[in-house]
Structures are given as C-alpha cells and as structure tokens.
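Asks: Coordinates for the following, if possible.
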Amino acid sequence: MPKPISLVCLDVGEKRIGVAVGQTSVRIAVPFDTIDVDGSELQSIAEIVIKEKADILVIGYPRNQSGQATKQTQFVEDFAAKLTDFAPKIVFQDESLTSVIAEQQLISYKRPYAKADIDAQAAAIILQDYLEANYA
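Replies: Here you go, the predicted model:
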C-alpha cells in the first residue's frame, strides 16, 4: 500500500484565503480554516504546510465561464509564485462555482455561517475535486 499523501488546499482571495486539508488514504477533504490577507498570510500558510506535513499544496484556479483566464487568475498565479520557497509541490485545480456550491451546502446545514466559512468550505470542495480526479 502506497504511503498516504497529505494535502493542503487554498482558495485564494484578495481579502481571505480558505484552507482545507486532506489525505489520499481517506480521500476526504475537510474545511480547516481561513486566513486574513493582512501581510502575515505567507507565514500562516507556511505554518499550516509544516504542521500538516503537506506533500502537495493544491490551489484553486479561477477562470470565467468560458474557461478563459481572468484578472483573478493572474492574482492567484502571482500569489502561488510566492509559495514556492516552502511548498513541496504546488498544483492548480479548477475552482469554478465552488463558492456558490459551498454557500448552498452551508445553507443546507441550517446553522448560522460567516463569509469565512464559505471560503473554507470552497477550499474543501476544490480539494475534494482534486482528490477524486487524481486518486479515485
């Protein structure tokens, strides 16, 4: 049996970054946290990568409905470039409609939630998509 791979996923936004974690052994992504974009976000991400012993950092890749790159795509690519010093391996995963799906899921739980909860849930959806596409 191959060694389980530990993954951390980021849903990168200009104000907040949703974070999810998962392992290939169970193939279940779990919302983990959100990080405010306040100048300390790289340090926070590095600490999570180390704590979770991440083998792969999955980053949500934004595109428009036609599949074309957007201004946000460039923002995410530029942000990802800053992570190469401490991320063992960086991969991108399509994040189309994940925030909409995340909010629908949170509504279905019939509990109060905040915008930050949507970001962490969206990161879990992105990571779940990556796990299913690559480790099914």
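Asks: now the strands for this structure?
Replies: Along the chain, the stretches classed as strands by DSSP state E are 6-12, 16-23, 30-36, 56-61, 90-94.
Asks: What distance do you get for the nearest residue to G13 once chain neighbours are set aside to D85?
Replies: Closest residue to G13 apart from its sequence neighbours, by Cβ to Cβ, 6 or more residues apart in numbering: D119 at 6.5 Å. Where C-beta positions appear, they are placed from N, C-alpha and C, glycine not excepted. Distance of D119 to D85, given as Cβ to Cβ, to the nearest Å: 24 Å.
Asks: next one: V12
Replies: Separation of V12 from D85 (Cβ to Cβ): 17 Å.
Asks: Tell me where the chain has helices.
Replies: Here the chain has its helices, by DSSP state H, at 41-51, 71-81, 98-108, 115-135.
Asks: Buried deepest among those helices, which one?
Replies: helix 115-135 (a mean of 21; mean count of other Cβ atoms under 10 Å).
Asks: Between V12 and D85, which is the more surrounded one?
Replies: Taking neighbours as other Cβ atoms under 10 Å, V12 and D85 compare with V12 leading, 26 against 8.
Asks: Next up, the contacts around that one.
Replies: Contacts for V12 (Cβ atoms under 8 Å, 6 or more residues apart in numbering) come out as I59, G60, F75, V76, F79, A80.
Asks: for those, which one is nearest R111?
Replies: Proximity of these to R111 (Cβ to Cβ) peaks at G60, which lies at 24.2 Å.
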